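> My questions concern the predicted model and sequence given below.
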Amino acid sequence: MRILVCVKRVPAPGAKINIAADGQAVDTAHLGFTTSPHEECAVEEAVRITEAHGGEVTVLTLGPVEAEEQLRYAASVGAHKLVLVPIEETDWDPQRTAAALTATISGIEADDGAFDLLLFGNESADAGGFQVGVRVAYALGRPVVNGIKGIDIADGSVTARREIDGGFEVYEVPTPAVLGVKEGINLPRYPTMKGRLASKKAEVATAGQLADVGGQERVRLHRPVEQISETIILGEGPEAAAAVVDVLEELGVLA
Amino acid sequence: MSDFPERANVVVIGAGIVGNCLVGHLARLGWTDLVLIDKGPLPNPGGSTGHASNFIFPVDHNKEMALLGEQSADQFRDMDLSVDSGGIEVARTEERMRELDRRMTSAKAWGIEAHLLTPAGVKELVPFINEDVILGGFYCPTVSVVDSLETGTTMRKEAIEKVGCQVFASTEVLDILTEDGPNPGDRTVTGVVTDKGTIEAEYVVIACGVWSNRIANMAGATIPLVPTVHQMADVGPMDILAETNNEIGYPIVRDMDTFCYERQSAGSMEVGSYGHRPILHHPDEIPSNEEAALSPTEMPFTPDDFDEQMETAIELMDMLGDAEIKYAINGLLSLTPDGMPCLGETVEVRNLWSAAAVWVKEGPGMAQVVAEWMTYGYPRVIDVHGADIARFYPSECTEDHIWSRAEESFNKVYGIVHPQEQWEGRRNLEVGPYFSRQEELGAMFFQARSWERPQWFGSNADLVDRYGLEERAVEWDNRWWSPITIGEHLNLRENCGVVDLSSFQIYELEGPGAVEYADYLAVNKVDVPVGRSIYTPWLNDDGGFHSDLTMMRMAEDRVRIVTGVFDGGRDSFWVRRRLPTDGSVSFRDITRDLTTLGLWGPNAPDVLSQMTDHDLGQDGSPYGSIIDVDLNCGGTTVPVSLFRISYVGDTGWEIYTDWENGPALWDSLMLAGADLGIRPTGGGVYGSSGRLEKGYRLMGAELESEYNPLEVGLARPKVKAADFIGKEAYLAARGRGEPEIAVCTLTVEDHADGQGRLRYMQGGNEPILTPDGDRIVDSHGRISRVTSAGPGPSVDRFLLMTHLPTELATPGTDLQVMYMNELYPVKVASTGAVFDPDDSRLKG
């Protein structure tokens, strides 16, 4: 299997997310960065598939040069090839991103052959546009399913499971295909020390892509009003037991 | 919040290991009306305690750190929140093996069990280590792993149960309130403003770890520390660790030459590093509890900085390479400009205390220190002059200085640091008026706190040939030392030398109450005739040494205080803090107004007599007197004060003059002495060989708060009538009769080590042992150790000073000293001077 996974470098904030003064971005001063969680699972899934079926995993990102850190992280957990589309900004709008990725993927495929599977995260952790994977699939004319929590490989097709209330929808999709993966599909491994050290030596290819600005414009970010939940301490030690029982009865947990 | 207090006796800010233990210790000492607040949640408010690796290696070369570390370890043990895992410091280099010899020596000094292991011996204890990359190990079975969060909780609960300490988590300090007074320029703390309300308080203690300086700044005070990254990664799981079914089943390994440690944590290994580049943060860069992805002091990991450490860790333990990095942080801890904690009352604001820059390993002990300090006026458990926040001069409290020193010291946490090692950065902060002349003379400068002092002069290299001197055989003994210093010593004894004493810290008390107040500070009588001086101890309330210094009666209502540069900050604060509030005494720091040159040696009177017609004999300039004379300095008249005194054992003067007259005075003395053998002479003579031959005690070495004047041979036959600090305790000590110990000078009888090389002790707490090799400890637990060491060129012996039980303090008694893990025979020479014991040369 030749699998491509698209990932995004996103900030790793705490419970409180600060917004930059211009309202256009998360204030990332003193924050670390990570791979968007759905995509981290997509990389893990791709690595597992190639471990079971052979093949190679290419990880592609569009982002600032610092996003090389996320590519190397992917290498440290088993990805084989790394491609960076460097941009000046933190990110681009979904249309523009999809256009640049489409062009990049087409370029890689023209040189190295088609990918059997393109994996995206269901949505990015920061912008949450839910669009890029679908737009790339549409542009490349490939089938796409989102919300995927299980992938099985067969010759010429993949079976993808999508979580719904009370069960799964199961899709059999001909390859090449595009899947939007959701967190929970697997528990991603951590890099080993040797993996981390090897990833330092991995080659990162860069692909410069021009793309037109899309139609979606961010007006401003705003933080929703904080939901303050009240905490009542029922007591300490065995003396608290009666109060706990009262609450449980009130909730209808105890008959 | 209705139950938020409006008043409290003590508000402790910070509920980490220090703040929690502090309220516990305050409660034990009877303090009531305590409030403990923290901006984070409990039990882990998000400071450095929450991510500490929680292990204690009890052996340290520094006495305060070793004994308080041990004391802390015992407190953790007493709470049953500690496990003795054992620990091994492994060496990859020969140089480190020698450092492990030095560790063995310190272990012996402090009475801590320790063993040197072969690589195979290390492997027996740590089967997963690669013994091929190490040369040996230093194994200490009492290395312990503690539960610092639970300890904090236990101590906090004790304070709650004992005295009803009120605890408020998630309460952020917004301001510290102060008021002017009681004396002009003073400020006193009055309360704390928080986001829950304002608390008026008599005392406020800052125990906020990495945030401490920011909180202190709110009151206009400074706690000189900087939050510094210590990277740590938790890797695993590994079967061999998981099979122990234990939080810690194998000894902790410190890979000293790569500045890393490997500490088991259940099935995983914590790999921590002090080997990466120094990464410092301003407190404002630390995220809030809400903003932090993990906790505020678990900053985002920067893996590029850690890669080299990973490689060396895998070299040592191959299994680590295949283990997953589950958790990795840039953990914050506190570093200070000199590597020691910041304890005690802040010098800027009365009743505002610092309990900061304390790591888990010494947390409970340091908390006890601060609690005792607040209770008794000075800690009882141990002397902590090295951790006293008042030790810093203003130039050491600037951000530039704190950051520079932290950057330079970070990689020395596991480094091999010579006792005399000098800093590279932030030099020449304070220099004497002769500095350019001394540079031209090839002076080797040692920095004493912020002051540069020549230790020896390259221009005196010819003295090495004149006196047939040699370098020492072993590089370590030679490091930061030169035989020139012995040449300068012998020349001073034969001719004379000039010593730059510009770093003297000089203060004056003036006003109608000045003499009375000065007498209150000093054991000996200050109320002497104008123009006379006294040497005197200053004691704390318990009768132990706070300081020893010179006080001069300059006028009816004016007393000058001259103290050493290492003690200036503490002494200045001691005086100002106790100054009468009735306006009868004013305090002035005139350090920068006056400069001092020491002129000593048999030719000193002949040199000086060329510059003045004043009678310089014992009639005109008697020992201990201060006379004002005009010196003819190349045709210019320079007014000076001649203080007939000597710290080196030869006749001469401390010559005080206005700072701007210094260069002319220096030049004229050199010219006048040209044919009399005068030489610029460094601190190697003044502070070491000259002093040691005379048996003069040094504050911070032989003199500490743990000793009273009787025990160090500085008690006078009578006690003055006037009251003074520590008098009651001092009288009680005298009432108990002969002291248990005495300060002795020992001679090293044979310097040859096992390889036949001559070795020279450094004065770094090397233990003094009986002929059977046993440690010598008195009934108070005080240890006989080398407090000062240096050559005695005029007696042709190498000299050591130590405290000895009086039954051993008899000249001729044979003992041993351990140095670099080998034993050398020593002999008790004297409880006084080994050179010119009658002081005949002083008054010549």
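Yep, that arrived.
> How much space separates the closest residue to chain A within the stretch 601-750 of chain B from B:Asn540?
Taking Cβ to the nearest Cβ, chain A has its nearest neighbour within the stretch 601-750 of chain B at B:Gly700, 40.4 Å off. Every C-beta, even on glycine, is put in place using the N, C-alpha and C of the backbone. Distance, B:Gly700 to B:Asn540, using Cβ to Cβ, to the nearest Å: 14 Å.
> do B:Gly321 as well
55 Å.
> Give me the most central residue, chain A.
A:Glu39 (2.4 Å; Cα atoms, centre = their mean).
> Distance-wise, check it relative to chain B.
Separation of A:Glu39 from chain B (Cβ to the nearest Cβ, to the nearest Å) stands at 18 Å.
> correct me, but that residue touches A:Asp126?
No - A:Glu39 lies out of contact with A:Asp126 (Cβ atoms under 8 Å); the separation is 11.7 Å.
> who touches both of the two?
Listed contacts common to A:Glu39 and A:Asp126 are A:Lys8; contacts here mean Cβ atoms under 8 Å, 6 or more residues apart in numbering or on different chains.
> Name the spans of the chain whose pLDDT lies under the cut-off.
You didn't say which chain, so I picked chain A. A:255 (pLDDT under 70).
> Please refer instead to chain B.
B:1-2, B:844.
> and whichever residue of the stretch 501-650 of chain B sits closest to chain A, what is it in contact with?
Closest contact between the stretch 501-650 of chain B and chain A, by Cβ to the nearest Cβ, is at B:Gly569 (34.2 Å). Contact partners of B:Gly569, counting by Cβ under 8 Å, 6+ apart, are B:Val347, B:Ala390, B:Arg391, B:Phe392, B:Tyr393, B:Arg449.
> Check which residues of stretch A:61-68 are buried.
A:Thr61, A:Leu62, A:Gly63, A:Pro64, A:Ala67, A:Glu68 (16 or more other Cβ atoms under 10 Å in any protein chain shown).
> what comes into contact with it?
A:6-9, A:33, A:70-71, A:82-92, A:97, A:100-101, A:104, A:204, A:209.
> Also near chain B: which of these, exactly?
Restricting the contacts of stretch A:61-68 to those near chain B by Cβ under 8 Å from any Cβ of the partner chain leaves A:Phe33.
> out of the buried residues of stretch A:61-68, which are inside helices?
A:Glu68 (DSSP state H).
> For stretch B:531-548, measure first residue to last.
20 Å (Cα to Cα, to the nearest Å).
> Closest approach to chain A from the stretch 401-550 of chain B, which residue is it?
Closest point on the stretch 401-550 of chain B to chain A, by Cβ to the nearest Cβ, is B:Trp403, at 17.6 Å.
> What residues does B:Ser308 make contact with?
Let me fix one detail, which is that residue B:308 is Glu and not Ser. Counted by Cβ under 8 Å, 6+ apart, B:Glu308 has contacts B:Gly275, B:His276.
> need the contact list for B:Cys633.
With Cβ under 8 Å, 6+ apart, B:Cys633 has these contacts: B:Met611, B:Asn661, B:Ala664, B:Leu665, B:Asp667, B:Ser668.
> B:Pro454 versus that one, what's the distance?
21 Å.
> show me where the stretch 51-200 of chain A has helices.
A:68-76, A:94-112, A:132-140, A:193-201 (DSSP state H, counting those that start in this stretch).
> Most tightly packed of those?
helix A:68-76 (a mean of 23; mean count of other Cβ atoms under 10 Å in any protein chain shown).
> So which residues on chain B come close to chain A?
B:233, B:235, B:285-294, B:299-301, B:303, B:307, B:310-311, B:313-314, B:320-326.
> Narrow these to those in strands?
Those of those mapping onto strands are B:Ala233, B:Val235, B:Met299, B:Glu324, B:Ile325, B:Lys326, per DSSP state E.
> Secondary structure element holding the closest residue to the third one other than its chain neighbours?
Right, B:Met299. Spatial nearest neighbour of B:Met299, excluding adjacent residues (Cβ to Cβ, 6 or more residues apart in numbering or on different chains): B:Asn330 at 4.1 Å. Using DSSP states H and E, the element containing B:Asn330 is strand B:324-335.
> Separate out the buried members of the contacts of B:Gly569.
B:Val347, B:Ala390, B:Arg391, B:Phe392, B:Tyr393, B:Arg449.
> Which one of the residues in the stretch 651-800 of chain B is closest to chain A?
B:Gly764 (37.5 Å).
> show me the residues around the nearest residue to that residue once chain neighbours are set aside that make contact.
Ranked by Cβ to Cβ, 6+ apart and with sequence neighbours excluded, the top spatial neighbour of B:Gly764 is B:Pro419, at 4.4 Å. Contact analysis of B:Pro419 by Cβ under 8 Å, 6+ apart lists B:His61, B:Gln762, B:Gly763, B:Gly764.
> Check B:Asp477 too.
B:Arg759, B:Tyr760, B:Gln762.
> Am I right that it is in a helix?
Yes - B:Asp477 forms part of a helix when assessed by DSSP: H, G, I helix; E, B strand; the rest coil.
> Neighbouring strands of the longest strand seen in chain A in the sheet, and parallel or not?
Under DSSP E, the strand in chain A containing the largest number of residues is strand A:144-154. Sheet pairing for strand A:144-154, assigned by DSSP bridges, gives strand A:157-164 (antiparallel), strand A:177-181 (parallel).
> Give the buried residues for the longest one.
Taking 16+ other Cβ under 10 Å as the neighbour-count basis, strand A:157-164 is seen to contain the buried residues A:Ser157, A:Val158, A:Ala160, A:Arg161, A:Arg162.
> partners of the last one in the sheet?
Yep, that's A:Arg162 we're talking about. Counting by DSSP bridges, the residues bridging with A:Arg162 are A:Ile148, A:Glu169.
> quick one, what contacts it?
A:Val145, A:Asn146, A:Gly147, A:Ile148, A:Lys149, A:Phe168, A:Glu169, A:Val170, A:Tyr171.
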